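Asks: sequence plus the predicted model coming up.
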There are 2 protein chains.
Amino acid sequence: MQADTALTRELRHHYLFCSLTDAQLERLLASAALRRMAAGEHLFAHGDAATQFFLLRSGCVKLYRLSPEGNEKIMRLIRPSQTFAESILFMEAPSYPVSGEAVEPSQLVAFDRDTFLGILRESFATCQAVMAQMTVRIQAHWDEIETLALQNSRYRVVHYLLGLLPRNAQGRVAVTLPTRKMVIAAHVAVTPETLSRTLRGLSDEGLIEVSGDEVTITDVDRLRRRIH
Amino acid sequence: MQADTALTRELRHHYLFCSLTDAQLERLLASAALRRMAAGEHLFAHGDAATQFFLLRSGCVKLYRLSPEGNEKIMRLIRPSQTFAESILFMEAPSYPVSGEAVEPSQLVAFDRDTFLGILRESFATCQAVMAQMTVRIQAHWDEIETLALQNSRYRVVHYLLGLLPRNAQGRVAVTLPTRKMVIAAHVAVTPETLSRTLRGLSDEGLIEVSGDEVTITDVDRLRRRIH
DNA sequence: CACGGGGGTTGATGCCCGTCAAGGCTGCAG
DNA sequence: CTGCAGCCTTGACGGGCATCAACCCCCGTG
């Protein structure tokens, strides 16, 4: 890949790459590839042999699995400046554990597994960053497993809405849904119909107001308490 | 902790510790503590500040979360020679992300976080082992999230039973359930009643035979195919 | 022996949510 | 403009699973 000052600066501010020396970064970029994708375009499939992990620069990518009956569960929605599929780095026979597909036109960087592994060997700080990142993901998984196992669909929808807000939001707040409702539904593990009905129910109770992809939460604290 | 040749030999065969030098291992053990627990005894609670991670030597420990209504979801059942709670190593403000409790009388080793972090800094091989281990756990989480989101309780029970078998089991196989059925139920995220009924259903169909905590699978391949 | 408690099973009931089907809305192509 | 496709909504319906309750069995204790 051609050197690119904008990209270099971007990586320098990324927790995974900020500890690398100039030489290491150069080596990494030399083995990396830029990739542009159209909405709906396929990146990799669950089970594919893997030699790359990715950084999303713009757009949106979904990581998902399909049941035999064709139902889709979105495991993670990737946003710009997030990396994904790092876990293939340490597998013995690396293969993607989920499928990946662009939800919007997207631009991403594909990093070479072996090159990055070589750099890891030289940089404990980067090792730390990788391990910290994996820890964050593991925590998120515990949370998701808990809500799937112990909470109903209403809780999951409300939890998703609250997750869109800044941490210290209060009172009346408006958010715009980041993607189509179908995608959100597959993310919180309900059908589009149920999502629609749940939002309707919440708005009938006066907890939210919905207009297209604009959702206004009338009182954040009340919603948090009413989650049950 | 006092040096203990049996324990030292045990650690030498553990993937997490097998790459350490004698000096490192000694340092680690000096800061570690042995702990014995009775059945039902509490090890740590979700949210507790954390300075230790653990290796189970004997017995059985459950890692779980409780819903506000008091429902329990067991996230992981720890077996002898498994380590757990390593993820507290890389948190900024380390706190246990789940609760831990002995299910049987257990014996375990508590390792000191800071000491192990210091050793990690000196041993890339051990870093690799840690990262590989985290990767395995992440993969298991993907699988669990998928089955919770996309599969019904019958599938989860059958999947659990099949998971008790050796990888290449065939034909008629007997297994004994490793713990009380209540615990298994909380592990596969159903109520004890539903677990009981599901086993009943499977045995009415001739797929399994149940007698106390002995389950015989009449035909492993048929059960695998009949999962859905 | 009676007693009690915990684990497991079974039955009755209800509700959450998925499925199927129809209809509205919007944006795009002809 | 018309037609069409995709997304969203709404309604009717049914099944899976939780809940509540009763009962059995086993085992340790007084």
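Replies: Perfect, thanks for sending it. Numbering: from 1, shown residues only, chains lettered A, B, ... in the order given.
Asks: OK, contacts around residue A:178?
Replies: A:60, A:77, A:164 (CB atoms under 8 Å, 6 or more residues apart in numbering or on different chains). The way it works is simple: take the backbone N, C-alpha and C, and place the C-beta from them, glycine included.
Asks: mind checking which of these are buried?
Replies: Buried subset of the contacts of residue A:178 (neighbour count, 16 or more other CB atoms under 10 Å in any protein chain shown): A:60, A:77.
Asks: need the contacts of residue A:178 in TSV with pLDDT and distance to DNA strand D, can you?
Replies: Output for the contacts of residue A:178, formatted as TSV (pLDDT from 0 to 100; distance: CB to the nearest atom of the strand, whole Å):
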residue	pLDDT	distance to DNA strand D
A:60	94	14
A:77	96	14
A:164	95	15
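Asks: can you pull the phi and psi angles for residue A:105?
Replies: Dihedral pair for residue A:105: phi -50, psi 130, per degrees, to the nearest 10.
Asks: circling back: out of the contacts of residue A:178, flag the one nearest to residue B:115.
Replies: Closest approach to residue B:115 among these (CB to CB): residue A:77, at 38.4 Å.
Asks: ok, the closest one - contacts?
Replies: Counted by CB under 8 Å, 6+ apart, residue A:77 has contacts A:60-63, A:103, A:178-179, A:183, A:187.
Asks: just checking, it is part of a strand?
Replies: Yes - with DSSP: H, G, I helix; E, B strand; the rest coil as the criterion, residue A:77 is part of a strand.
Asks: looking at residue A:3 now. What's its pLDDT?
Replies: Looking at residue A:3, its pLDDT reads 63.
Asks: do residue A:57 as well
Replies: For residue A:57, pLDDT reads 95.
Asks: tell me if I'm right that it and residue A:105 touch.
Replies: No - look at residue A:57 against residue A:105 with CB atoms under 8 Å: they stay out of range, at 11.5 Å.
Asks: show me which of those two is the more surrounded one.
Replies: residue A:57 (17 against 14; other CB atoms under 10 Å in any protein chain shown).
Asks: what about the closest residue to the more buried one other than its chain neighbours, helix or strand, and which?
Replies: Nearest residue to residue A:57, sequence neighbours excluded (CB to CB, 6 or more residues apart in numbering or on different chains): residue A:107, at 4.5 Å. Using DSSP states H and E, residue A:107 sits within strand A:106-112.
Asks: and the following helix or strand past that strand, what does it pack against?
Replies: Note on strand A:106-112: by DSSP H and E, the next helix or strand toward the C-terminus is helix A:113-122. Here helix A:113-122 touches helix A:22-30, strand A:52-58, helix A:124-150, helix B:124-150, going by 3 or more CB pairs under 8 Å, 6 or more residues apart in numbering or on different chains; DSSP states H and E.
Asks: quick one: which of those is nearest residue B:207?
Replies: Closest approach to residue B:207 among the helices and strands packed on helix A:113-122 (CB to CB): helix B:124-150, 18.7 Å.
Asks: can you tell me if that closest one touches DNA strand D.
Replies: No - contact of helix B:124-150 with DNA strand D (CB under 7 Å from any atom of the strand) is absent, the minimum separation being 10.7 Å.
Asks: ok, now stretch A:171-180?
Replies: Yes - Stretch A:171-180 reaches DNA strand D (CB under 7 Å from any atom of the strand) through residue A:180.
Asks: looks to me like residue A:224 is in a strand.
Replies: No - secondary structure of residue A:224 (three-state DSSP): helix, not part of a strand.
Asks: how about the residues of chain A by DNA strand D?
Replies: So chain A meets DNA strand D at A:180-182, A:192-193, A:195-197, A:199-200, A:210 (CB under 7 Å from any atom of the strand).
Asks: contact partners for the closest residue to residue A:224 other than its chain neighbours?
Replies: Excluding the flanking residues, the one nearest residue A:224 by CB to CB, 6+ apart is residue A:162, at 6.5 Å. Contacts for residue A:162 (CB under 8 Å, 6+ apart) come out as A:220, A:223-224, A:227.
Asks: could the helices and strands packed on helix A:113-122 be laid out in CSV, adding distance to residue A:158?
Replies: Putting the helices and strands packed on helix A:113-122 into CSV (distance: least, CB to CB, whole Å) gives the following:
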stretch, distance to residue A:158
helix A:22-30, 41
strand A:52-58, 27
helix A:124-150, 10
helix B:124-150, 18
